[in-house]
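1. here are the coordinates; sequence isn't available:
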């Protein structure tokens, strides 16, 4: 379907194609809802949006619901799960369209699920994929510039996120709940949206906390321990715990759900073969998320492997992310990520030109770049960490003419680590 659309796009004038797109997407979503009989009306649906932390918050929320004994389904950038059946998300879309979400919710009902936790993106909102999904609860994690070229401006990107909250304003659901990160600059705009109950959370709610080798934090009067790392994951835990608390789930069960989740694939995911240094794979693909990843390893010598989000989009981020790497990393290796139809060397050069005072290499072959980073960390020793950012669980490297090369940062890092350790 996408190849057909790409061909049509080349034939039809741009303005006409752009004008017809919203109608096309809306009608597809409506048709899907009708065909699958508006399944969200028969489930407790939790929608989660924000620039960062969506997938992890979905996983934490799901883990808490499972600890409470609910049969659940979830949809996020990482995977799709219905009850015990889980499959990786290989769509290169956090929120697939063309009937997918309506069928997913319908299948959840058939499997006996009572709760569904779904990641809702700005691109999904822009293409009306969130329409006809009536939400019972909504979590807003944070907002920072992203997908600006796709939406046209930060204001339009923000509005796409705000539009998602409108799904709380439906007649089929009662006692709707909105949970908002009160520390975020845009929180008040979300709290202006309609919901039966509105709650905000703040980092101060988690204090005292210890972030050395994981997370130890307070939630009201209960102390949580988590193997997840970084202050950003404290926020993610707070988001899910705040909603769970409002749903009447006990603090003991919330604690169990949080502590049951030992890792989130592609999110500060460690590759461990017994080496005396760390190797970490993470999805960080915005300047802010990259900085927070680096800050999570404050006392380590950092060997950083990064590219950029992708060719033909958000080009403004290239020098900015390079400067973040220069600020925090001891060694920087720039590599290929998802060039699409753009020259990957051009993307790398635009990043490299912004780095002035740190050692930097450019190695287009991503596997070779990861191998080199691991070798450097091995030489440094037990105070070093390899931070491989940008792709997380992305299953392909996207190249020109819609070519998709199968890929896994985690598996490649594991293979290259094994090679280096055997030398």
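-> Yep, it's here. Since the structure is predicted, the reported quantities are computational estimates derived from the model, not experimental observations. Residues are numbered from 1 along each chain as shown.
2. In the sheet, which strands lie alongside the helix or strand hosting residue 224, parallel or antiparallel?
-> According to DSSP states H and E, residue 224 maps onto strand 222-226. Paired neighbours of strand 222-226 in the sheet (DSSP bridges): strand 215-219 (antiparallel).
3. Show me what the helix or strand where residue 253 lies is in contact with.
-> Assigned by DSSP H and E, residue 253 belongs to helix 251-260. Helix 251-260 is contacted from outside by 60, 63-68, 219-226, 237, 240-241, 244-245, using CB atoms under 8 Å, 6 or more residues apart in numbering. Backbone N, C-alpha and C define where each C-beta goes, glycine included.
4. Helices of the stretch 151-300 of the chain, start to end?
-> Applying DSSP state H, counting those that start in this stretch to the stretch 151-300 of the chain gives helices spanning 154-165, 187-191, 231-246, 251-260, 287-295.
5. need the contact list for residue 205.
-> For residue 205, the contact set (CB under 8 Å, 6+ apart) comprises 218, 219, 220, 238, 242.
6. Any chance of CSV for these, columns distance to residue 266 and pLDDT?
-> As requested, those are arranged in CSV below (distance: CB to CB, whole Å; pLDDT from 0 to 100):
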residue, distance to residue 266, pLDDT
218, 28, 95
219, 25, 96
220, 31, 93
238, 21, 98
242, 24, 98
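7. coming back round to it: now find how far off-centre the helix holding residue 253 is within its chain.
-> Centre-to-centre, helix 251-260 and its host chain are 22 Å apart (CA atoms, centre = their mean, to the nearest Å).
8. buried stuff in that helix?
-> Buried residues in helix 251-260, counted by 16 or more other CB atoms under 10 Å: 251, 253, 254, 255, 256, 257, 258.
9. avg pLDDT for it?
-> Helix 251-260 shows a mean pLDDT of 98.
10. tell me the angle of it relative to strand 215-219?
-> Interaxial angle, helix 251-260 versus strand 215-219 (axes from the mean of the first three to the mean of the last three CA atoms, to 10 degrees): 160 degrees.
11. contacting residues around stretch 60-72?
-> Against stretch 60-72 from outside (CB under 8 Å, 6+ apart): 46, 48, 74, 81, 83, 111-117, 139, 236-237, 239-241, 243-244, 249, 253-254, 256-258, 260-261.
12. same thing with stretch 263-279?
-> Counting by CB under 8 Å, 6+ apart, 55-56, 59, 78-79, 227-230, 233, 280-283, 293, 296-297, 300, 374, 377-378, 380-386, 388, 391-394, 409-410, 413-414, 417-418, 421 sit against stretch 263-279.
13. If we use 7 Å, what do you get?
-> For stretch 263-279, contacts defined as CB atoms under 7 Å, 6 or more residues apart in numbering pick out 55-56, 59, 78, 227-230, 280-283, 293, 296, 374, 377-378, 380-382, 384-386, 392-393, 410, 413-414, 417-418, 421.
14. didn't residue 329 look like it was pressed against residue 305?
-> No: using CB atoms under 7 Å, residue 329 is not in contact with residue 305, being 9.6 Å away.
15. So for those two, which sits in the more crowded spot?
-> Higher neighbour count among residue 329 and residue 305: residue 305, with 29 against 22, using other CB atoms under 10 Å.
16. Please name the bridge partners of that one.
-> Counting by DSSP bridges, residue 305 is bridged to residue 333, residue 388.
17. Let me see the contact set for it.
-> Counted by CB under 7 Å, 6+ apart, residue 305 has contacts 333, 335, 369, 370, 373, 386, 387, 388, 389.
18. from these, which is closest to residue 178?
-> Set against residue 178, the nearest of these by CB to CB is residue 389 (31.2 Å).
19. and that closest one, how many neighbours?
-> Residues near residue 389, counting by other CB under 10 Å, number 23.
20. now swap in residue 128 and tell me
-> By other CB under 10 Å, 20 other residues sit near residue 128.
21. That one: what's it in contact with?
-> Neighbouring residues of residue 128 by CB under 7 Å, 6+ apart: 25, 26, 29.
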